[in-house]
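Chemist: build me a structure from this.
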Amino acid sequence: MADFSVPAQAQPAAEEGKTAKTFWQAGEYKAAVKAGRIDGLQTARVHPKFLHSNATSHEWTFGAIAELLDNSVDEIPNGCTHVHLNVEKDREGNPMLTVLDNGGGMDRHHLHRMMSFGMSDGKNNGDRIGQYGNGFKTSSVRLGADALVVTKKRSGEKSIGLLSFSFLKGTGAEDVIVPIVSWSEKNDPLDDGKGRAQSLEIITEWSQYKTEEALLSLFPRLVQHGTLIIISNLWDNPNGGPELDIDSNPRDIRIPRNEEKQKRGRNMEVHEVVQQKYHGYKTSLRQYIAILYKKLPENFSIVLRNKRVVHRDITEDLRHVDVEIYRPKLPNVPGKEFAGSYPITIGFVEEAPN
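Modeler: Numbering: from 1, shown residues only. As a prediction, the model looks like this:
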C-alpha cells in the first residue's frame with residue numbers, strides 16, 4: 001500500500017467539523033483541509049465518507065458486536081481460548097466498549113490490513129468467519145466514532161493502530177488515515193522517521209491515551225499475546241439517549257426498547273414466556289451471544305461483563321423437528337455446482353399449541 005495523504009496540520013476543525021453524536025447523522029462530511037503528503041504513513045485510498053456509509057450495513061448494533069466476536073473466534077486455531085467483552089469508562093466517565101482475546105495477535109502489516117479497505121490476508125479458508133476483512137471497519141464505526149486496536153504477537157512485537165472517525169472528520173481528511181506505531185518486546189521502536197512521529201501524534205491526540213507511556217501501559221492487559229479493541233465515543237440513539245443500555249443490568253448490554261413496542265407487549269401477556277425465551281436476543285446481548293454460534297470448542301469462553309455466556313442450542317427447544325438440506329449453487333464455476341451442503345433444522349417451539 002502506498003504512502004498516503006494527511007492534512008498538513010492535524011488540528012480539530014471548527015464547530016462544523018465535529019462528529020454528530022448519533023451514528024445515522026454522522027455521515028455528513030465536509031473536507032475542510034486540502035491534504036498534503038507525509039512519508040511513512042499508510043491509508044486505504046477511499047474517502048472517509050465511505051467509512052460511514054459502509055458501516056450502515058449494520059442496522060442492528062448487536063450484529064456489529066458479533067463481527068468483533070467473530071474475529072476472536074477465528075483465532076481459535078491460533079490458540080485463542082477466551083474473549084472478554086466489557087464496558088469501561090474513559091477519562092471523562094463516558095462508556096467505552098472493549099473486546100479482549102488471547103489469540104495470536106498481529107504484526108504491523110497484518111494490523112494495517114485489518115484496518116484498511118480492499119485488503120485481505122489471502123487465506124480463503126472456509127472455516128473462517130471473517131474471510132473478507134471488512135468486519136472490523138463496519139462494526140467498530142457502527143458502534144462508536146473511534147477504535148483503538150492494541151495487539152501483541154507471541155514474538156513480542158507490539159502494535160497500536162487507530163481508526164478514528166472523529167479525527168478524519170475533525171481534520172477534513174480526504175483519505176482514510178490509519179496511524180500505526182510498533183515496538184519490540186523491550187519497547188524499542190520498530191518504525192522510525194517522520195511517519196512514526198506523525199502516527200504517534202495523531203494517536204495520542206485523538207485517542208483516550210495522551211502519551212506514549214499511556215499507550216504502552218495497555219500491553220500488560222494482553223499478558224503474553226492477543227488483541228484488545230477499545231471503542232470510544234459510543235453513539236447515541238435518535239432520541240438523545242445512549243444507543244446501548246449498560247446500566248439496567250451489570251452483567252449484560254441491552255438495547256433500550258421502544259416505548260410503543262413496550263405498550264404492545266403488555267397486551268400479549270399470555271405470550272410473555274415465549275417472547276422472553278425466543279425474542280429476548282433482540283434486546284439482550286447475553287441472550288444473543290448464547291445462540292450466536294452453533295458450536296464452539298469446550299475450552300473456549302465468551303465472557304460478557306465478567307460473567308461467562310452459557311451457550312444455548314435453540315434446536316433443543318423444538319418439537320416436531322425436520323431437517324432440510326440447503327445446497328447453495330455456485331454461479332459459473334466449472335465442475336462445481338454447489339458450494340456445499342448445510343442441514344437446516346425446522347420445528348415448532350415447545351410452547352406452541354398442539
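
Chemist: so L285 touches R254, yeah?
Modeler: Yes - the pair L285 and R254 qualifies as a contact (Cβ atoms under 8 Å) at a distance of 6.8 Å. For every residue, glycine as well, the C-beta is placed using N, CA and C.

Chemist: who's more crowded, those two?
Modeler: Between L285 and R254, counting by other Cβ atoms under 10 Å, L285 is the more crowded of the two (25 against 19).

Chemist: what packs against the helix or strand where A64 lies?
Modeler: Using DSSP states H and E, the element containing A64 is helix 61-73. On a contact count with 3 or more Cβ pairs under 8 Å, 6 or more residues apart in numbering; DSSP states H and E, helix 61-73 meets strand 82-89, strand 95-101, helix 135-143, strand 226-234, helix 285-292.

Chemist: just tell me which of those ends up closest to K329.
Modeler: helix 135-143 (25.3 Å; Cβ to Cβ).

Chemist: what element comes up after that closest one heading to the C-terminus?
Modeler: strand 144-152.

Chemist: starting at the chain centroid, how far to the helix holding A64?
Modeler: 6 Å (Cα atoms, centre = their mean, to the nearest Å).

Chemist: average pLDDT for it, rounded please.
Modeler: Mean pLDDT, computed over helix 61-73, is 94.

Chemist: report the buried residues of that helix.
Modeler: Judged by neighbour count using 16 or more other Cβ atoms under 10 Å, the buried positions of helix 61-73 are 61-62, 64-73.

Chemist: make JSON lines from those and add distance to E272 to it.
Modeler: Shown next, in JSON lines, are these (distance: Cβ to Cβ, whole Å):
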{"residue": "T61", "distance to E272": "24"}
{"residue": "F62", "distance to E272": "22"}
{"residue": "A64", "distance to E272": "29"}
{"residue": "I65", "distance to E272": "26"}
{"residue": "A66", "distance to E272": "26"}
{"residue": "E67", "distance to E272": "31"}
{"residue": "L68", "distance to E272": "32"}
{"residue": "L69", "distance to E272": "29"}
{"residue": "D70", "distance to E272": "32"}
{"residue": "N71", "distance to E272": "36"}
{"residue": "S72", "distance to E272": "34"}
{"residue": "V73", "distance to E272": "33"}
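
Chemist: so which of the helices and strands packed on helix 61-73 gets nearest R108?
Modeler: strand 226-234 (13.2 Å).

Chemist: what pairs with the closest one, parallel or antiparallel?
Modeler: strand 95-101 (antiparallel), strand 144-152 (antiparallel) (DSSP bridges).

Chemist: quick check: which of those strands is nearest to I344?
Modeler: Among the strands paired with strand 226-234, strand 95-101 comes nearest to I344, with 30.1 Å by Cβ to Cβ.

Chemist: would you tell me what the next helix or strand after the closest one is?
Modeler: With DSSP H and E, the next secondary element past strand 95-101 is helix 108-115.

Chemist: for that next one, what is the average pLDDT?
Modeler: 90.

Chemist: what degree of burial does the nearest residue to T345 once chain neighbours are set aside show, as a neighbour count?
Modeler: For T345, ignoring the flanking residues on the chain, the nearest one in space by Cβ to Cβ, 6 or more residues apart in numbering is T315 at 4.6 Å. Using other Cβ under 10 Å, T315 has 12 other residues around it.

Chemist: and K294, by the same measure?
Modeler: By other Cβ under 10 Å, neighbour count at K294 equals 10.

Chemist: try D188
Modeler: Counted with other Cβ under 10 Å, D188 comes out at 8.

Chemist: then K153?
Modeler: So K153, with other Cβ under 10 Å, has 18 neighbours.

Chemist: quick check: it touching G104?
Modeler: Yes - counting by Cβ under 8 Å, G104 is a contact partner of K153 at 6.9 Å.

Chemist: give me the common contacts of the two.
Modeler: H225 (Cβ atoms under 8 Å, 6 or more residues apart in numbering).

Chemist: L190 - nearest residue in space that isn't next to it in sequence?
Modeler: S182 (4.1 Å).

Chemist: show me where the stretch 151-300 of the chain has strands.
Modeler: Counting by DSSP state E, counting those that start in this stretch, the stretch 151-300 of the chain has strands at residues 158-164, 176-177, 180-183, 226-234.

Chemist: so which of those gets nearest N78?
Modeler: strand 226-234 (9.8 Å).

Chemist: dump that closest one to CSV, keeping only the CA atoms.
Modeler: Only the C-alpha atoms of strand 226-234 are listed here, as CSV (Å, rounded to 0.1, in the frame of the first residue of the first chain):
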residue,chain,number,x,y,z
GLY,A,226,-3.6,-11.3,21.9
THR,A,227,-5.6,-8.3,20.8
LEU,A,228,-7.6,-5.6,22.6
ILE,A,229,-10.1,-3.3,20.8
ILE,A,230,-11.3,-0.2,22.6
ILE,A,231,-14.3,1.6,21.0
SER,A,232,-14.9,5.0,22.5
ASN,A,233,-17.3,7.9,21.8
LEU,A,234,-20.2,5.4,21.5
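
Chemist: rounded mean pLDDT for that strand, please.
Modeler: On average, strand 226-234 scores 96.

Chemist: what does stretch 237-250 give?
Modeler: 91.

Chemist: buried set for that stretch?
Modeler: Applying 16+ other Cβ under 10 Å to stretch 237-250 flags 237, 242-246 as buried.

Chemist: ends of stretch 156-167, how far apart?
Modeler: 29 Å (Cα to Cα, to the nearest Å).

Chemist: low-scoring stretches of the stretch 251-354 of the chain, by residue?
Modeler: 258-271, 333, 354 (pLDDT under 70).
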